[in-house]
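Peer 1: have a look; sequence and predicted model below, questions after that.
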Amino acid sequence: MSSPRLLNLVCMFSLLHAAPLPSQWTQVSDPSKGRIYCFAVIGTNLFCGTGNGGVFVSTDNGTSWKATNTGLTSNYILSFLVKGFNLFAGTGGKGVFLSTDGGTNWTNANTGMENVYVHALAMNGPSLFSGTNDGGVFLSNNDGASWTAANAGLSNKTVPSLAVCPNGTGGTNLFAGTYGEGVFLSTDNGSNWTSVNTGLAEKNIRILVPNPNGTGGINLFAVTYNEGIFLSTNNGSIWTAVNTGLTKTSVLALVINGPDLFAGRDGGGVFHSNNNGAQWSAVNTGLTDLNVSALLSSGPYLFAGTMGGKIWRRPLTELMTAVHSASGEFPEAFFLAQNYPNPFNPSTTIRFDLPKASPVRLSIFNLLGQEIAVLVDETREQGSHEARWDGLDARGIPAPAGVYLYRLDAPPGQKAVKLLLAK
């Protein structure tokens, strides 16, 4: 007969192996064709651009990939742009190519383009823009059939990044990130450019990514080559660094999914923020190649492409509901984040971190110090948590517009942050 000790060990072993594994990164493909520079999505097809193998396509949510390069005379793909069912690819040395059949066939689309090293592509209505190496910005109004230079006021002609943003008055702003002179703004579809660099600690701009702030405005993020990430909430007039938690500031990729930001770092893997970059945490469980050079949020997954040509995948649901620390992926400190969006109407999300299981009370106070609503009043587990306030008081009546405080009471203390309810 087996001893009780042996039976206990057997039961414990069975329970450990029956428990579901925590969500983590898994490698889904290895094109082994050099660095992954970019991703794109058309319908259910995913595309990746590589540094030595051209374009690859996946029709099974990234599980497998195959080359799709017929007519493509460059295997060095730096950028993608999707316009309806058309896919444009910017190459390193051969200009722009267009596929109208899901990447099966490609045709050259370079007439009038003086520089064929294309870092970036962007679209503003019917207008296409390309950012080139030492050639500045080019504009096409006929799907790439012909291009003209659009560089008036642009003092630096190496343009690694472009972004198009609504300006809040029915028009659009076009931004160009340069290598050496920072960010430029055009309010007239590229006809004229002005420098907008106040607060930028570095003027070598790798990436520009816009994100609606929930109140009709735009948060514009600028990724520099060596000084990390900067945020502007006023069309580039002022920039502030948003790097807390990024232990190194060499960021190669940035992708946004609603309030969630994901940054790919050279040698540091993937970092996550859901408070506009105010706080970042590593989310690298299972990721063994930490040189992340491209990111894609598509369907239920976040995809990471690396400098070694590998592609990894992780469920977004887990990443978007938790912000973890670099060691063990659990918060190491008591933390209350700025709500998002802020200002807000009609609702906003508040995130807080608990280093251990604790009784928690999260309340809303007016400026008279009166508690008007309780969002959480219970014991919560170790980890990151979110609560939503819909702008109602404890009676279910909409609170008036104005400034409020939300306060978190939990061991080891108390923290409070201001928020603004807009009407």
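Peer 2: Nice, I can see it. Residues are numbered from 1 along each chain as shown.

Peer 1: now do the strands in the stretch 201-350 of the chain.
Peer 2: 205-212, 218-224, 229-232, 240-241, 251-257, 260-265, 269-273, 281-282, 292-298, 301-306, 311-315, 335-336, 348-354 (DSSP state E, counting those that start in this stretch).

Peer 1: can you tell me what sits against the second one?
Peer 2: For strand 218-224, contacts defined as Cβ atoms under 8 Å, 6 or more residues apart in numbering pick out 161, 163, 165-166, 168, 175, 177, 183, 200-213, 229-233, 235-236, 239, 242, 249, 251, 254, 256, 261, 263, 276-277. Backbone N, C-alpha and C define where each C-beta goes, glycine included.

Peer 1: now the strands of the stretch 201-350 of the chain as JSON lines including mean pLDDT, distance to N142 and mean neighbour count?
Peer 2: JSON lines is the format used below for those (pLDDT from 0 to 100; distance: least, Cβ to Cβ, whole Å; neighbours: other Cβ atoms under 10 Å):
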{"stretch": "strand 205-212", "mean pLDDT": "92", "distance to N142": "25", "mean neighbour count": "20"}
{"stretch": "strand 218-224", "mean pLDDT": "93", "distance to N142": "28", "mean neighbour count": "24"}
{"stretch": "strand 229-232", "mean pLDDT": "95", "distance to N142": "32", "mean neighbour count": "24"}
{"stretch": "strand 240-241", "mean pLDDT": "94", "distance to N142": "39", "mean neighbour count": "16"}
{"stretch": "strand 251-257", "mean pLDDT": "93", "distance to N142": "30", "mean neighbour count": "22"}
{"stretch": "strand 260-265", "mean pLDDT": "93", "distance to N142": "34", "mean neighbour count": "25"}
{"stretch": "strand 269-273", "mean pLDDT": "92", "distance to N142": "39", "mean neighbour count": "24"}
{"stretch": "strand 281-282", "mean pLDDT": "87", "distance to N142": "45", "mean neighbour count": "24"}
{"stretch": "strand 292-298", "mean pLDDT": "94", "distance to N142": "29", "mean neighbour count": "22"}
{"stretch": "strand 301-306", "mean pLDDT": "95", "distance to N142": "31", "mean neighbour count": "26"}
{"stretch": "strand 311-315", "mean pLDDT": "92", "distance to N142": "34", "mean neighbour count": "22"}
{"stretch": "strand 335-336", "mean pLDDT": "82", "distance to N142": "51", "mean neighbour count": "18"}
{"stretch": "strand 348-354", "mean pLDDT": "85", "distance to N142": "43", "mean neighbour count": "22"}
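
Peer 1: reformat the ones you listed as a markdown table; add distance to N151.
Peer 2: Shown next, in a markdown table, are the strands of the stretch 201-350 of the chain (distance: least, Cβ to Cβ, whole Å):
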| stretch | distance to N151 |
| --- | --- |
| strand 205-212 | 16 |
| strand 218-224 | 20 |
| strand 229-232 | 22 |
| strand 240-241 | 28 |
| strand 251-257 | 26 |
| strand 260-265 | 30 |
| strand 269-273 | 34 |
| strand 281-282 | 40 |
| strand 292-298 | 28 |
| strand 301-306 | 31 |
| strand 311-315 | 36 |
| strand 335-336 | 45 |
| strand 348-354 | 41 |
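
Peer 1: S29: which of the ones you listed is closest?
Peer 2: strand 311-315 (4.5 Å; Cβ to Cβ).

Peer 1: partners of that closest one, with directions?
Peer 2: Sheet partners assigned to strand 311-315 using DSSP bridges are listed as strand 26-29 (antiparallel), strand 301-306 (antiparallel).

Peer 1: show me the one of those that comes nearest I397.
Peer 2: strand 301-306 (39.4 Å).

Peer 1: any idea which of the strands of the stretch 201-350 of the chain gets closest to L392?
Peer 2: Among those, strand 348-354 sits nearest to L392 (Cβ to Cβ), with 12.1 Å.

Peer 1: quick check: next helix or strand after the closest one?
Peer 2: strand 358-365 (DSSP states H and E).

Peer 1: C-terminal to that next one, what's the next element?
Peer 2: strand 371-380.

Peer 1: quick one: strands adjacent to that following strand?
Peer 2: Paired strands of strand 371-380, defined by DSSP bridges, are strand 358-365 (antiparallel).

Peer 1: for the strand it pairs with, buried residues please.
Peer 2: The neighbour-count check on strand 358-365 (16 or more other Cβ atoms under 10 Å) flags 360, 362-364 as buried.

Peer 1: make a markdown table out of these and add pLDDT and distance to W106.
Peer 2: Below are those laid out as a markdown table (pLDDT from 0 to 100; distance: Cβ to Cβ, whole Å):
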| residue | pLDDT | distance to W106 |
| --- | --- | --- |
| V360 | 90 | 55 |
| L362 | 93 | 53 |
| S363 | 95 | 58 |
| I364 | 95 | 55 |
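
Peer 1: since that was my last question, I'll sign off now.
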